[in-house]
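Asks: okay, predicted coordinates and the sequence, questions at the end:
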Amino acid sequence: MDKSLEKFLAPGEKVVEVMNYSKAQFIWELVWGFVLLIVIAGLYFIFRAIYRLITIKYIVTDQRVIIKRGLIGQSTQSLSYSKITDVHVEQGILGRILLHTGTITLDSAGNTPEGEEEMELEWVDDPFKTKDIIYQHLHKK
């Protein structure tokens with residue numbers, strides 16, 4: 001008998017059997033824990049995607065490019081065409097082959113009002129089409 005159990009016994013009491021928590025139950029709870037962890041992580045990505053869909057807007061005007069973020073509290077970032085020095089498009093393999101999305105980076109001459117030297121429009125549908133639209137306004141005389 002395990003000596004650590006003696007403190008739980010009354011004088012003259014004898015241990016007949018000692019049982020542990022079921023290993024099968026332990027494994028069952030671990031499996032459910034991992035499943036729930038995956039579900040929670042999945043829910044995080046689902047809610048993040050929905051939030052981004054609702055709250056992020058990229059606006060191309062005849063004078064500038066604007067990023068609007070937020071639902072209740074909102075922020076905007078804008079860059080006028082006179083400040084844009086270069087336009088880059090980046091597509092990963094997933095964005096190029098399957099999703100047809102990419103990131104457009106606008107480099108600027110000097111810092112934007114937010115103190116940044118570039119503006120990124122992430123996960124844009126058909127980024128080369130959007131780049132062409134920006135170029136049309138950028139090179140308009």
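Replies: Perfect, thanks for sending it.

Asks: how does the protein divide into domains?
Replies: With domains defined by automatic domain parsing, the chain comprises 19-55, 56-138.

Asks: end to end on the last one, go ahead and measure it.
Replies: The one in question is domain 56-138. One end of domain 56-138 to the other measures 23 Å (CA to CA, to the nearest Å).

Asks: what separates it from the chain centre, distance-wise?
Replies: Between the centre of domain 56-138 and the centre of its chain there are 18 Å (CA atoms, centre = their mean, to the nearest Å).

Asks: my read is residue 119 is in a strand, agree?
Replies: Yes - applying DSSP: H, G, I helix; E, B strand; the rest coil, one finds residue 119 inside a strand.

Asks: can you give me the neighbour number for it?
Replies: Neighbour count for residue 119, taken as other CB atoms under 10 Å: 21. Every C-beta, even on glycine, is put in place using the N, C-alpha and C of the backbone.

Asks: so what pairs up with it in the strands?
Replies: Here residue 119 sits in beta bridges with residue 106, going by DSSP bridges.

Asks: contacts only, for it.
Replies: Contacts for residue 119 were tallied using CB atoms under 8 Å, 6 or more residues apart in numbering; they are 65, 67, 77, 79, 105-106, 108, 112.

Asks: out of the residues you listed, grab the one that's most surrounded.
Replies: residue 65 (25 neighbours).

Asks: quick check: which element contains the residue nearest to the spatial centre of the chain?
Replies: Centroid-nearest residue in the chain, with CA atoms, centre = their mean: residue 48, separated by 6.2 Å. Remark: residue 48 resides in helix 23-55, with elements defined by DSSP states H and E.

Asks: any chance you could list what contacts the helix or strand that that helix is followed by?
Replies: Toward the C-terminus, helix 23-55 is succeeded by strand 57-60 as the next helix or strand (DSSP H and E). For strand 57-60, the surrounding residues in contact (CB under 8 Å, 6+ apart) are 65-68, 121, 124, 130, 133-134, 137.

Asks: list the buried ones in strand 57-60?
Replies: Residues 58, 60 are the ones in strand 57-60 that count as buried (16 or more other CB atoms under 10 Å).

Asks: no further queries at this time; thank you.
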